[in-house]
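> Got a sequence here, can you build the structure:
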Amino acid sequence: QVQPVESGGGLVQAGGSLRLSCAASGRTFSNYAVGWFRQAPGKEREFVAVISTSGGSTSYADSVQGRFTVSRDSAKNTVYLQMNSLKPEDTAVYSCAAGRFFAVVAGSYDYWGQGTQVTVSS
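All right, here's what the predicted structure looks like:
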């Protein structure tokens with residue numbers, strides 16, 4: 001099985017940028033769609049972005065469309081989430097997940113990372 005591992009979180013001021021990485025340990029990511037989700041304190045987990053196995057298809061939540069970009073580097077077995085123009089409401093724990101289907105629903109994913117904290121100060 002594949003084990004996603006996130007990195008790149010931190011503290012940033014509003015308007016700034018961060019790039020999150022999701023690396024695969026164990027098996028390769030190449031056969032999996034990879035989704036990003038986030039959960040803020042007191043709120044339910046929500047979909048952020050997803051990229052297909054080939055990288056040819058992506059989808060974003062309306063709240064991040066135009067600000068966030070998901071990409072994958074097969075050679076490095078890593079998926080990235082570039083986050084620009086960050087807002088305080090983007091503060092959350094961000095997790096990546098691998099699954100067989102290109103999906104926006106968390107239940108469709110089989111393997112989850114432990115998450116990385118992103119904090120955006122105003």
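
> CA only for contacts and neighbour counts going forward, please
OK.

> I figured residue 122 was touching residue 14, is that so?
Yes. At 5.3 Å, residue 122 counts as touching residue 14 under the criterion of C-alpha atoms under 8 Å.

> Looking at the two, which one has more neighbours?
residue 14 (17 against 11; other C-alpha atoms under 10 Å).

> residues contacting that one?
85-88, 120-122 (C-alpha atoms under 8 Å, 6 or more residues apart in numbering).

> Quick one: which of those residues is the most crowded by neighbours?
For the contacts of residue 14, counting by other C-alpha under 10 Å, the largest number of neighbours falls to residue 86: 23 neighbours.

> Do you know the pLDDT at residue 49?
With respect to pLDDT, residue 49 scores 98.

> so which strand or helix has it?
strand 46-51 (DSSP states H and E).

> That strand packs against which elements?
strand 33-39, strand 58-60, strand 68-73 (3 or more C-alpha pairs under 8 Å, 6 or more residues apart in numbering; DSSP states H and E).

> For my notes, please list those in CSV and give mean neighbour count, mean pLDDT and distance to residue 97 for each entry.
Shown next, in CSV, are the helices and strands packed on strand 46-51 (neighbours: other C-alpha atoms under 10 Å; pLDDT from 0 to 100; distance: least, C-alpha to C-alpha, whole Å):
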stretch, mean neighbour count, mean pLDDT, distance to residue 97
strand 33-39, 25, 98, 5
strand 58-60, 18, 98, 14
strand 68-73, 20, 97, 13
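
> Turn these into CSV, including distance to residue 99.
Shown next, in CSV, are these (distance: least, C-alpha to C-alpha, whole Å):
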stretch, distance to residue 99
strand 33-39, 5
strand 58-60, 14
strand 68-73, 15
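
> now for the ones you listed, which one comes closest to residue 102?
Among the helices and strands packed on strand 46-51, the nearest to residue 102 by C-alpha to C-alpha is strand 33-39 (5.5 Å).

> and that closest one with strand 68-73, angle?
Angle, strand 33-39 to strand 68-73, by axes from the mean of the first three to the mean of the last three C-alpha atoms, to 10 degrees: 140 degrees.
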